[in-house]
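Peer 1: Structure of the sequence below:
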Amino acid sequence: MRRLLAVTAIAALLAPPVSLPVRAQANPQTPQNPPVQVIPRTQPPPPPAQKKETVIRAAAELVLVDVQVTGRDGRPVKGLRPEQFTVLEDNKQQKVDTFDYYDIETIETAGKENQAPVVLSLGSVAPPEQIRAIVRDRRMIVLFFDLTSMQPDEIIRAHDAALRFINEQMTPADLVGAVTFGNRLDILANFTNNRDLLARAIQRVRPGKDSELAGMATAAAAEGEEDVTPDTGAAFTADETEFNIFNTDRKLAALQGIAQLLRGIPGKKAVIHFGGGITQTGQENRSQLRAATDAANRSNVSFYTVDTRGLMAEVPGGDAAQASAGGRSMFSGAAVFRQAGSRQDSRETLSTLATDTGGRSFYDLGDFSEVFKRVQQDSAGYYLLGYYSTNSRRDGRWREIKVRVNASGINVRHRDGYYAPKEFGVFTTEDRERQLEEAMRSETPRVELALALDTAHFHLTPNEIFVPIAAKLASSALDWAEKSGRRETEFDFALEVRERRSNAVVAALRDTVKVRLEAERFRQIQRQAIVYQGGVLLGPGNYKLKFLARENESGRVGTFEETLSLPAARPDRMELSSVLLSSQIEPVRKTEEVKTKALAPDARLQRTPLEVAGERMIPSVTRVFTPEQRLYVLFQAYVPSKADYRKLRGGLIFFRGGARVSETPLVEPAEIDPKTHTAVFRVSLPLEKFALGRYMVQAVVVETGGTHAAFERNYFALRPAPAPAATPGS
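Peer 2: Okay, here's the model as predicted:
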């Protein structure tokens, strides 16, 4: 089964940890400006020293602006000096700290015999100096084919246009790459000037199953407009609005991904996006649209969006690709107006993206050669100016940029502005959701919030396995808000489990948890930990698990990944579950200290395997104990139908350094479930007589007088108790 699980919440006073709830389960601008690159810098050069006071700038953003200066003949103007440029941000003059000129024309006019072969990975991680030597004075173009938004004839049209560009318009200065977006983002060719290699890559752009999504791409009517529903003859027609919002976010996330991939390559990059439009106007997806724009600006990427539907006449009422509209729309003219409006709406998001990244949008074209010509003209040669903004506010607002050049008879083209960095405190709900999604999808671990995680497995049925999730966070490392004498904090927890071979998501979990503690209670847990408990139901198999936690006062995120191998049940032999270790047992009860908002509730278990006789075990995530604590051990035995579960006995054997050092007497099961042939054992013992060190504990279950037996192991460490906190006077 693939379900989310929900279980009741607990909060417990610690020498062990405190337990959290248990759940198992645009701003359009003129489209004529190249991008701005915003590069975080921890410690910029300090301002000039002053006699009476010292100004320390703790953080700043280096803003890079591409500036194209052309003469009356349209050719680049070279040889300008830094002092001839004036940069204004929100009408305040900025000091130009870096200055460079990229002379594309020099290589472009060189003969083919002087053209050296170049191949550079789109996601290159080579040293910047090495990459700069390769791409210096070269034009970098990525051909991006969005197969999910194009009909088969549109894909063929884009394919043919790309081949003509490579064979007829590509110059010696051009480094071209090719990328497709379908079920995933695929790189067909890295940056190269090898025409044969590029032609073979473009030949792989063919209509297929990915283009079937284009048939669902119908933008929903805006507020106040009349929607038109096709008459499919069915009793119920599903509303595709939610699908379209998700689909748009996915497309914009792909564009964000390609921009981030290009970040390590210096210089201006142009991405030519071939697509049949993006549904929704951008209002429903403004957070993801802004994220894609920010990624492009930081990576010095300009998007040039091409509507591959080209110049074509609309058939009133729609063509044979869709069902006829129902109701009165055909008689009132609403269907015709809706056709034109939907087509225009599908262009708006891409037009905004192109505008805000310094590119251009192209529609109603029968010949796409003009697109490539304009991209080449925009990158014939440009000045790259860098400055540290005097505006230190991280409010996420749009900042307008103006560049003036002290020279006569010239035209200046540059990016109109950029979005300022944004602190977590001013994140919108959409921003917060996007942050979690990016952290979950990222291959790079997030470590701002340190956490540890432990899992186990318990069979509920032969094909259902309960996997408890326990995550531990240090309480002292969290940001607590003080309100009315209480301390509060809030967390978001998310879990995703994927099947290892297919990479398909088979289980997910999402909780928002708020913790409110009285002053005395807060002081008690300052040197302890907070533990989140949850769990999912899975079938036997091999999985990849990724867990994410975000502390919502500061916005810090931590992730944890591990693999799971869940064995199938063997009905002909006795088997044991995982051996769960703990130092804390709590009554199953609700608490006002912890409140949970389950954002994806589904099936609920009335009782989990961690609950025995009205008490719940709080798993030890780190499995580190002290002699003053009591060790609780929980495990289950799954008994063959022919065995007599009334004769089962279980116990523990302890090993240290490979030698057997202690054992417990064999005891009867704490609980027995005849329906599932499951026997539950819970053994506890004090640790005060154990020597410090590392141990292996082996759980053993035998059928007295019978033939069945099984064992399972786990490990723990015993260390001295921490020293008491120092008094204020010491």
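Peer 1: which residues in this protein form helices?
Peer 2: 104-108, 128-135, 152-164, 195-202, 241-261, 286-299, 329-332, 334-356, 369-378, 429-441, 519-525 (DSSP state H).
Peer 1: Could you export these to JSON lines, including columns for mean neighbour count?
Peer 2: All C-beta atoms are positioned from the backbone trio N, CA, C, and that covers glycine. Below are the helices of the chain laid out as JSON lines (neighbours: other CB atoms under 10 Å):
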{"stretch": "helix 104-108", "mean neighbour count": "18"}
{"stretch": "helix 128-135", "mean neighbour count": "13"}
{"stretch": "helix 152-164", "mean neighbour count": "19"}
{"stretch": "helix 195-202", "mean neighbour count": "17"}
{"stretch": "helix 241-261", "mean neighbour count": "20"}
{"stretch": "helix 286-299", "mean neighbour count": "24"}
{"stretch": "helix 329-332", "mean neighbour count": "14"}
{"stretch": "helix 334-356", "mean neighbour count": "21"}
{"stretch": "helix 369-378", "mean neighbour count": "17"}
{"stretch": "helix 429-441", "mean neighbour count": "16"}
{"stretch": "helix 519-525", "mean neighbour count": "14"}
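Peer 1: To Phe635, which of those lies closest?
Peer 2: Closest to Phe635 of the helices of the chain is helix 519-525 (CB to CB; 29.0 Å).
Peer 1: Need phi/psi at Ala450.
Peer 2: Backbone torsions for Ala450, taken as degrees, to the nearest 10, come to phi -70, psi 130.
Peer 1: sorry, that was for Asp572
Peer 2: Torsion angles, degrees, to the nearest 10, at Asp572: phi -90, psi 0.
Peer 1: What residues does it make contact with?
Peer 2: Going by CB atoms under 8 Å, 6 or more residues apart in numbering, Asp572 touches Pro640.
Peer 1: Ok, the one 3 residues further on next?
Peer 2: Glu575 makes contacts with 459, 567, 569, 637-638, 710, as judged by CB under 8 Å, 6+ apart.
Peer 1: And the buried ones among the residues you listed, selectable in PyMOL?
Peer 2: Remark: buried members of these, expressed as a PyMOL selection using 16 or more other CB atoms under 10 Å:
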select buried, resi 459+637+638+710
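Peer 1: Distance of Arg72 relative to Asp307?
Peer 2: As judged by CB to CB, to the nearest Å, Arg72 and Asp307 stand 32 Å apart.
Peer 1: more neighbours, the two?
Peer 2: Ranked by neighbour count (other CB atoms under 10 Å), Arg72 and Asp307 place Asp307 first, with 24 against 8.
Peer 1: residue contacts, the spatially closest residue to the more buried one that is not a sequence neighbour?
Peer 2: Closest residue to Asp307 in three dimensions, ignoring its sequence neighbours and counting by CB to CB, 6 or more residues apart in numbering: Tyr363, at 3.9 Å. By CB under 8 Å, 6+ apart, the contact list for Tyr363 reads 306-307, 309, 347.
Peer 1: just for the stretch 51-200 of the chain, where's the confidence low?
Peer 2: Scanning the stretch 51-200 of the chain for pLDDT under 70 picks out 51-60, 109-115.
Peer 1: count of residues packed around the nearest residue in space to Val375 that is not next to it in sequence?
Peer 2: Closest residue in space to Val375, ignoring its immediate chain neighbours: Ala270 at 5.1 Å, by CB to CB, 6+ apart. Neighbours of Ala270 under the rule other CB under 10 Å: 26.
Peer 1: My guess is Tyr632 contacts Ile585. True?
Peer 2: Yes. Judged on CB atoms under 8 Å, Tyr632 makes contact with Ile585 at a distance of 5.8 Å.
Peer 1: Mind listing the shared neighbours of these two?
Peer 2: Common neighbours of Tyr632 and Ile585, counting by CB under 8 Å, 6+ apart, are Met617.
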